[in-house]
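# Sequence and predicted structure below; questions after.
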Amino acid sequence: MTPAARTQAAIDLLDQIITAARKGGAAADTLATRFFAQRRYAGSKDRRAVRELVYAAIRRAGDLPVSGRAAMLALTDEDTDLAATFDGSPYGPAPIDAGEPRATSGIAPAWLEASLAKSDVPLQSLVDRAPLDIRANSLKPAPDLPDAVELRVSGGWRLPSGTNIEQLPAFADGAIEVQDEGSQIVGLALPAQPGMNIVDLCAGAGGKTLALAARMNNEGVLIACDTERTRLSRLAPRAERAGVSIVRTRLLNPGQEADMLADLVGQADGVLVDAPCSGTGTWRRNPEARWRLTPDRLTKLQALQAHVLDLGAALVKPGGHLVYIVCSLLDDEGAGQVDAFLARHSGWTVDLLGLPAGRPRGEGLRLDPGTDGTDGFFVARLRAAW
Ligand SMILES: C[S@@+](CC[C@H](N)C(=O)[O-])C[C@H]1O[C@@H](n2cnc3c(N)ncnc32)[C@H](O)[C@@H]1O
C-alpha cells in the first residue's frame, strides 16, 4: 500500500470505530481485526502502520470525533509527512481544505475530565501505550523469558512490546498469563492461602481467579461467578491450561444472584468483588472507551457496584475478608462506594493495605498510570465482624 492508501485505510477504519462508539457497537480492536480480514492485500507492515495511525488518532481525540477524516487531520498538525499523504492520489485521501473540521485534542470528554479532576486524578499517561505484562504461574515450572524485566510483584514480568505472546512455548504450557502489573498487585489484597474457601464474584474470564488459584497452590475451593456466559466460559479452558483444578464456575442470572448464591452465604474466607466499572483506569488499552462512557451509564454502573458489593458481603464468614476492586480512577466508583458500603453495613472494619504500588484514597489505595506506570485501580479490603 502507498502511504496515502494507508492514511485512507486508517480514515475508513476510524469511521467504523466512531460509528460503533456512537451506537454501542464492537470495540476498536475487534473492528480492526475484521477490517484487515476483509483486506487481504494489506501486508503485515501495512496493517501495523494503519493500526498505529488509528490508535494515535484515537489517543489524541478526547471526545468523539465527527469523522475518521477529522480524527486523522488532527494528527497532521504535528506531522508534515502525514499531511503530505492527503494528496488526492488513487486510494489516497482528498487534499486538505483550509477550515476542514479537526478532532479536538484532549484526554476525555469535558464532563469526564471534570469528574477525573474532582477525583484528583493525574491526567498524564491515561491514554499512553500500555506495556505488555505477564504473570508467571507458580503452579508450573518457571518460564524461560530471557528478555523479560522483573516487576514489583513477585512472578510479574514485563515483556518487550510487540512480543507475540501466543507463540511463546510458556504461553501454550500455561506457565504465563497476560496480566497488567496493577491487576496483579491489587489481587494481592485478598489473603488467599491453600485450603481456603474463596468466591470470585465477578470473575469474568478469570484473570484474577487464576492468580488466586496459584496463591492457593491449587488447594481449597474457588468459586468463580459472573452474569456473562461468554466471558465465564473462557475460564475453564484457561484454568485447564494453567493446571488449575479447584475452580468451580457459577453463571448467575442478573436480578436472581442472591437466590443463586444462597448456599454460599456466610461460608467464604474471602470474597473478591472485581466490580463492573467505567474502566477509566484502562484507557491505555481501550482508548476509545472514553468516547463511549455517558453520565447515565456511569450512574447505572455505580448502582451495580453497590449491588455486587452487598451480594459479596453476604457470602463472607465472620472475620473473613471482602476485597473491592475497580479498574476506575473515579471516586464515585472507588472510595465513594466503600464509604457508602460502610454506611449501609455496620460491623465491618477496614484493613490497611501494604501493596507494592498505590497511594491511600479514602478507605483504600489507588494506582494510576501516571504515578505507578500500571493500569488505574482502586482497591479496599474490608473485614466482617467476628
Ligand atoms: C471488571 S470485570 C471482571 C474482570 C475479571 N475479574 C478479571 O480479572 O479478568 C467485571 C465483571 O463483572 C461481571 N458482572 C456484572 N454484573 C454482575 C453481577 N450482577 N454479578 C456478578 N458479576 C457481574 C461482568 O460480566 C464482568 O465480567
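Great, that's in hand. Residues are numbered from 1 along each chain as shown.
# For the helix or strand Ala10 falls within, name the packing helices and strands.
In this assignment (DSSP states H and E), Ala10 forms part of helix 3-23. Judged by 3 or more CB pairs under 8 Å, 6 or more residues apart in numbering; DSSP states H and E, helix 3-23 is in contact with helix 28-37, helix 44-60, helix 68-76, helix 289-292. Bear in mind the C-beta positions are built from the backbone N, C-alpha and C, glycine included.
# Spit out the contact partners of Thr282.
Shown in contact with Thr282 (CB atoms under 8 Å, 6 or more residues apart in numbering): Ala289, Cys327, Asp375, Gly376.
# still on that earlier bit, out of the helices and strands packed on helix 3-23, which gets nearest to Ala9?
helix 44-60 (4.8 Å; CB to CB).
# what's the angle from that closest one to helix 3-23?
50 degrees (axes from the mean of the first three to the mean of the last three CA atoms, to 10 degrees).
# For helix 44-60, name the packing helices and strands.
By 3+ CB pairs under 8 Å, 6+ apart, helix 44-60 packs against helix 3-23, helix 28-37, helix 68-76.
# Please save the CA atoms from the helix or strand following the last one in CSV.
Using DSSP H and E, the helix or strand that follows helix 68-76 towards the C-terminus is helix 80-84. C-alpha atoms of helix 80-84 as CSV (Å, rounded to 0.1, in the frame of the first residue of the first chain):
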residue,chain,number,x,y,z
THR,A,80,4.0,17.1,7.8
ASP,A,81,4.8,13.7,6.3
LEU,A,82,1.3,12.6,7.2
ALA,A,83,-0.2,15.8,5.9
ALA,A,84,1.6,15.2,2.6
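# Any buried residues in the next helix or strand after helix 80-84, and which?
Toward the C-terminus, helix 80-84 is succeeded by helix 110-118 as the next helix or strand (DSSP H and E). Buried residues in helix 110-118, defined by neighbour count with 16 or more other CB atoms under 10 Å: Leu112, Glu113, Ser115, Leu116.
# re earlier: could the helices and strands packed on helix 3-23 go into CSV alongside distance to the ligand?
Output for these, formatted as CSV (distance: least, CB to the nearest ligand atom, whole Å):
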stretch, distance to the ligand
helix 28-37, 16
helix 44-60, 22
helix 68-76, 28
helix 289-292, 13
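# Check the gap between the residue positioned nearest the centre of the chain and Ala114 for me.
Nearest residue to the geometric centre of the chain (CA atoms, centre = their mean): Thr282, 4.6 Å. The spacing between Thr282 and Ala114, counted by CB to CB, to the nearest Å, is 20 Å.
# residues touching His345, list them.
Per CB under 8 Å, 6+ apart, neighbours of His345: Asp310, Ala313.
# now it: how far from Ile18?
43 Å.
# check contacts around Ile176.
Ile134, Arg135, Ala136, Asn137, Pro143, Leu145, Trp157, Ile165, Leu168, Ala170.
# Filter the residues you listed down to just the ones in strands.
Counting by DSSP state E, these place Ile134, Arg135, Ala136, Trp157 in strands.
# returning to that earlier point: mind listing what's buried along the helix holding Ala10?
For helix 3-23, the neighbour count (16+ other CB under 10 Å) marks 4-14, 16-18, 20-21 as buried.
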